[in-house]
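Colleague: I would like the atomic coordinates for the input below:
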Amino acid sequence: MLSSINNSFEQDTHDADANCDGPDLDFVYADVDGYQNEIAELYSYTEISEFQMNVKAFEDQMELYDLPPNWQKQDPAAQRGIVMKLVDQLEVSDRAFRMQAARCILYLAQGCWAEVQSDEEQHQITRDNVLVLHKLGVFASFIDLLNMEIESACSPDIVAVKITNVTLVDSTDIRVILSVLYIITETIRDERERGSEDYKDLAESFVQDINSPLPDGELLAVKLLGMITRFCSGAAPQFPMKKVVLLLWKVSLLGLGGMDVLKNLKNDYRLKVGLEPITEDTLEVTKCMRASSPPATATDILENQYPKRNFKRSLMKQRFLDEPEQIDMEMSGNEGQNNANNGSGNGGGGGGNGEEELSQYYRPYDDPSSSASSTTSTANPNNQPSSTQAPVAVPPIQITARLPWTPKVRQKDIDQFLDISRNKFIGYSLIGDHESLAGLPQPIHEGFKTLQRHMYLSLADMQIKKEEDIARNPISTHEDEIKLTPAEVLYQAILPNLPQYMIALLKVLLAASPTSKSKTESINIMADVLPKKMPLTATQSTKLTVDIGRHKEIIVKAVSAIILLYLKHFKINHVYQFEFMSQHLVFANCIPLVLKFFNQTITEYVNTKNSIPLLDFPSCVIGEQPDLSGDSFVYGGEMSDKPYSWRNVFSCINLLRILNKLIKWKHSRVMMLVVFKSAPILKKTLKVRHAMMQLYVLKLLKMQTKYLGRQWRKSNMKTMSAIYSKVRHRLNDDWAFGNDLESRPWDFQAEECTLRACVDRFNLRRYPEATQKCGNNGTAAQNAENAQQSNMMAGNNGIGNNGSDVNGYGNNGGGGGGNNGGHNQQQQQLNDYGVEGGFPSDEILTHSDFAFFGHSGWWDRKVELTDYFKANYAVWLEEEVYNSQTDWDAL
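Modeller: Coordinates of the predicted model:
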């Protein structure tokens, strides 16, 4: 039976149900899109007029050098000489003369498009020119220009004059600088990924430069994060955020490494600590999965099956109103009863009704090795040999009649299994004993062996165990030397201001979210897309509307990729670095922000194509340009052969992966999903027929099913079956039954407090100076975010309906959470226990239960001894130390 359910999901590409939203998406998840698309997304459509300024600057410079204005006619020596003169010109004091040289270099980096006739030719010239530009130090010179622009933008004179109505003109110079840096970075990254021999040595040296501090002592990534922070604080509203986040993404991706580097690093680190390498890769396994058909909705049922029937909805509790499949189940049950009454003899065997109900949800599995007729297949769905018919000999064929993942189990689950078994059969427990099976029956022995065979030790478990050993025995335990990997260097650099960086990234992400509502006090991320003169014609208005939507989508794509990249690298480098970043993302309301993003018609967002191919670079400047007016104005989505937007699917998967990483194995954060009523939001996302996206959605639903109630699980059996079929099984996990032994809310918060104490201890030991700076710089921001989170948790029962809450997060109808009374009682219990607003206080961490873990909030305080104590120190020593008898065994 289980095999049949699994095969029904694996083999079903086009579900026969009428509620199917389309074919499977042929989207292939990767680090980046194609090179041409990544370069085209750097420019807004309103910047097209500025391309001619680059050509004009090049022609003026060539006239100044008394040379013909044609780059391809110059020999390599002459080209190098021209670039060296331009680099010298970048250092002059005259701003106009300096920026003319910068625009000339931008024209060279763009591939001298005025001299070519095809995109391939332009790409080849860009490739050759970037090689020359980097060898002659153009990248370092433009970093100096960027520093000058940042200093001038943040000078006291400029900051004192509050800039209002920022437009494209205010960021002209800094956009030129960022464009050159981005083209060089992206071209080197692409050539390195292709394995180009010409770029092999250059790429390696470039990666080393990115991972090394600049002359001013900052990493380039830290400098760009500082620009985002200044922009969000209002100190530099003219910064072009799209170009900044794109450059930060590509610099981080090239410096840290993509998916292949992460996979190799993980296996290398596991081998070093004595663990076996990972054999199952999520990205590879999902490529072989088939997407499930989306769950039926009430609209689909009423329109497709009962178009003229008036259906009166039964009364249900509030937490069940988010599931219209309840209607589907009721209708299916009634229809099954009618069929049973009218013709019960057609079922064959005693399970006819059950098979008819299952056929409502799954197509029967057609065994390719069977050549029997359709009637035989119906009567014998599992292809078992019948007693009246001899089995037909068929050659063996490989059939994927198994689950896609190998089950796993944690040591904690094995200990819990042994503890329950010992209490049941023997009557006592053995604390700290992980292997003794004396007195237990044989089935328990077999179960224990099965659990041990599937036990999985993660790299994080080994790192946590090492930290606990250091905390217990700080003198005798040897700590390994800290290797300055790219992730380690980045973490040390961003640690002092990491809370501000996370808040700034999430602010930009919120402003670019399609579900966010514009506010007067919110940041303006449209500064580098809005023209000085607003459009007058309908064509210009349509073009600007498409450009704004495209602009937001690119920002969401870049910010989500940055956050996910940092989380993955920090988790491999050291789990407490990952937990530190994760906690600050949670404190900055990342979880409700992501849920707000998905609180839309996600299928429309995935299929929306805010692009005009004729205006994408380099198509907008190469060859004869058509007149984009009237009937010749073609919307971009109609010219693409793909039924989806690559960047939108990429962004959705990234955000789902971020949400999974923040919530996995964190019970308090799982409860946030329940409180915010995320189940209906996530279920709508299942309508996107892409296996990888559905996998991460089902993982999030699996985490909270035990808290949603029996009725929710009963009315969502199709979703439950999809979870069983696609998500990895954890042995002894009762996700489908809800028998949770750790259900007290303060247990969840105690876990969060313990985690924070461990992270603080880790940071204080390894990075004492940076941790002190982080504590001083991040206190105000953290308190503000904690107050915001507390207001959200206390004032909103999840995300309400039709409106916005006090934090600006959008609301979502229906849900599967608790009620206000239970939540207020839970919040009061947390306050009594010493946890306010989800953020632990110092008092709870000084409790005896947490004495082992310690807390930097007390360790780093300087205690001043009184004069009285100093004068009577000998007396105190005699009474409190020498004369005090301590039973060390009892202690």
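
Colleague: buried residues in stretch 105-122?
Modeller: Judged by neighbour count (16 or more other CB atoms under 10 Å), stretch 105-122 contains these buried residues: 105-116, 119, 121-122. Using the backbone N, CA and C atoms, a C-beta is placed for each residue, glycine as well.

Colleague: and which of those residues is nearest Phe570?
Modeller: Ala109 (32.4 Å; CB to CB).

Colleague: do I have it right that the closest one meets Asn129?
Modeller: Yes - with contacts counted by CB atoms under 8 Å, Ala109 reaches Asn129, the gap being 6.1 Å.

Colleague: what is in contact with these two at once?
Modeller: Overlap of the contact sets of Ala109 and Asn129 (by CB atoms under 8 Å, 6 or more residues apart in numbering) is empty.

Colleague: helix, strand or coil: sort out Leu440 for me.
Modeller: Here Leu440 is coil, with the state taken from DSSP: H, G, I helix; E, B strand; the rest coil.

Colleague: ok, it touching Asn423?
Modeller: No - when contacts are counted by CB under 8 Å, Leu440 is not listed as touching Asn423 (11.1 Å).

Colleague: neighbour count: the two, which is higher?
Modeller: Neighbours per residue, other CB atoms under 10 Å: of Leu440 and Asn423, the larger number sits with Leu440, 17 against 11.

Colleague: how close does Ala114 sit to Gln72?
Modeller: As for Ala114, its distance to Gln72 is 11 Å (criterion: CB to CB, to the nearest Å).

Colleague: now swap in Ala140 and tell me
Modeller: 26 Å.

Colleague: got it, and Val606?
Modeller: 42 Å.

Colleague: now swap in Lys466 and tell me
Modeller: To Gln72, Lys466 is 59 Å away according to CB to CB.

Colleague: do the same with Lys465
Modeller: On the measure of CB to CB, Lys465 and Gln72 end up 62 Å apart.

Colleague: okay, now the unreliable bits of this protein?
Modeller: 1-22, 155-164, 294-401, 518-522, 626-641, 739-748, 775-863, 887-891 (pLDDT under 70).

Colleague: please enumerate the strands of it.
Modeller: 835-836, 839-840 (DSSP state E).

Colleague: name the residue in Val606 and Gln72 with the higher neighbour count.
Modeller: Of the pair Val606 and Gln72, Val606 is the one with more neighbours under other CB under 10 Å, namely 25 against 11.

Colleague: hang on, that one packs against Phe650?
Modeller: No - if you go by CB under 8 Å, Val606 and Phe650 don't touch, sitting 10.2 Å apart.

Colleague: got a list of what the closest residue to Leu731 other than its chain neighbours touches?
Modeller: Distances taken as CB to CB, 6 or more residues apart in numbering place Val409 nearest to Leu731, at 4.2 Å, with adjacent residues excluded. By CB under 8 Å, 6+ apart, the residues touching Val409 are 451, 454-456, 730-732.

Colleague: ok, Leu530 next?
Modeller: Leu530 makes contacts with 46, 166-168, 544, as judged by CB under 8 Å, 6+ apart.

Colleague: go with 6 Å
Modeller: For Leu530, the contacting residues are Thr167, by CB atoms under 6 Å, 6 or more residues apart in numbering.

Colleague: over to Pro441?
Modeller: Neighbour list for Pro441: empty [criterion: CB under 6 Å, 6+ apart].

Colleague: go again using 7 Å as the cut-off
Modeller: By CB atoms under 7 Å, 6 or more residues apart in numbering, the contact set of Pro441 is Phe425.

Colleague: let's number from 28 now, not from 1
Modeller: Noted, 28 is the first residue going forward, which turns the last one into Pro468.

Colleague: for it, give its distance to Arg449.
Modeller: Remark: distance between Pro468 and Arg449 (CB to CB) = 12 Å.

Colleague: cool, Asp228 as well?
Modeller: The gap separating Asp228 from Arg449 is 63 Å, by CB to CB.

Colleague: okay, those two: which has more neighbours?
Modeller: Arg449 (20 against 9).

Colleague: distance between the lengthiest helix in the chain and the chain's centre?
Modeller: Ranked by residue count under DSSP state H, the longest helix found in the chain is helix 565-600. Relative to its parent chain, helix 565-600 has a centroid offset of 12 Å by CA atoms, centre = their mean, to the nearest Å.

Colleague: and the helices in the stretch 128-277 of the chain?
Modeller: Assigned by DSSP state H, counting those that start in this stretch, the helices in the stretch 128-277 of the chain fall at 146-162, 165-180, 183-187, 199-221, 227-237, 247-260, 268-283.

Colleague: got CSV for the ones you listed, with distance to Gln79 too?
Modeller: What follows is the helices of the stretch 128-277 of the chain, written out as CSV (distance: least, CB to CB, whole Å):
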stretch, distance to Gln79
helix 146-162, 16
helix 165-180, 22
helix 183-187, 29
helix 199-221, 14
helix 227-237, 31
helix 247-260, 28
helix 268-283, 20
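
Colleague: and those helices, which is most packed in?
Modeller: Most buried of those by mean neighbour count (mean count of other CB atoms under 10 Å) is helix 268-283; its value is a mean of 25.

Colleague: go ahead and name everything in contact with that helix.
Modeller: For helix 268-283, contacts defined as CB under 7 Å, 6+ apart pick out 58, 69, 202, 205-206, 208-209, 212-213, 216, 234, 237-238, 247-248, 251-252, 254-255, 258, 513-514, 535, 552, 555, 578, 581-582, 585-586, 588-589, 592, 596.

Colleague: okay, angle between the longest helix of the chain and helix 247-260 too, please.
Modeller: Interaxial angle of helix 565-600 relative to helix 247-260 (axes from the mean of the first three to the mean of the last three CA atoms, to 10 degrees): 130 degrees.

Colleague: any buried residues in helix 565-600, and which?
Modeller: Using 16+ other CB under 10 Å as the test for burial, helix 565-600 gives 567, 570-571, 573-575, 577-600.

Colleague: in space, what's closest to Glu148 - neighbours in sequence excluded?
Modeller: For Glu148, ignoring the flanking residues on the chain, the nearest one in space by CB to CB, 6+ apart is Gly138 at 7.9 Å.

Colleague: which residues touch that neighbour?
Modeller: Gly138 touches 149-150, 152-153, 156, counting by CB under 7 Å, 6+ apart.

Colleague: quick check: phi and psi on it?
Modeller: Dihedral pair for Gly138: phi 90, psi 20, per degrees, to the nearest 10.

Colleague: how close does it get to Asp643?
Modeller: Gly138 is 14 Å from Asp643, where distance means CB to CB.

Colleague: before we move on, what about Ile204?
Modeller: Ile204 sits 22 Å away from Asp643, taking CB to CB as the criterion.

Colleague: can you tell me the distance between the two ends of stretch 234-252?
Modeller: In stretch 234-252, first residue to last residue: 18 Å (CA to CA, to the nearest Å).

Colleague: please enumerate residues in contact with it?
Modeller: Residues outside stretch 234-252 that contact it (CB under 7 Å, 6+ apart) are 170, 174, 271, 274-275, 278-279, 281-282, 513, 516-517, 520-521, 528.

Colleague: out of those, who's nearest Glu220?
Modeller: Using CB to CB, Leu281 comes nearest to Glu220 of those, at 9.5 Å.

Colleague: centroid-nearest residue for the protein?
Modeller: For the chain, the residue nearest the mean C-alpha position is Ile685 (2.8 Å; CA atoms, centre = their mean).

Colleague: check whether that one really touches Ile589, as I assumed.
Modeller: No - contact criterion CB atoms under 7 Å: Ile685 and Ile589 do not qualify, at 10.3 Å.

Colleague: neighbours of the closest residue to Phe896 other than its chain neighbours, how many?
Modeller: Nearest residue to Phe896, sequence neighbours excluded (CB to CB, 6+ apart): Trp903, at 7.0 Å. Residues near Trp903, counting by other CB under 10 Å, number 11.

Colleague: thanks a lot, see you next time.
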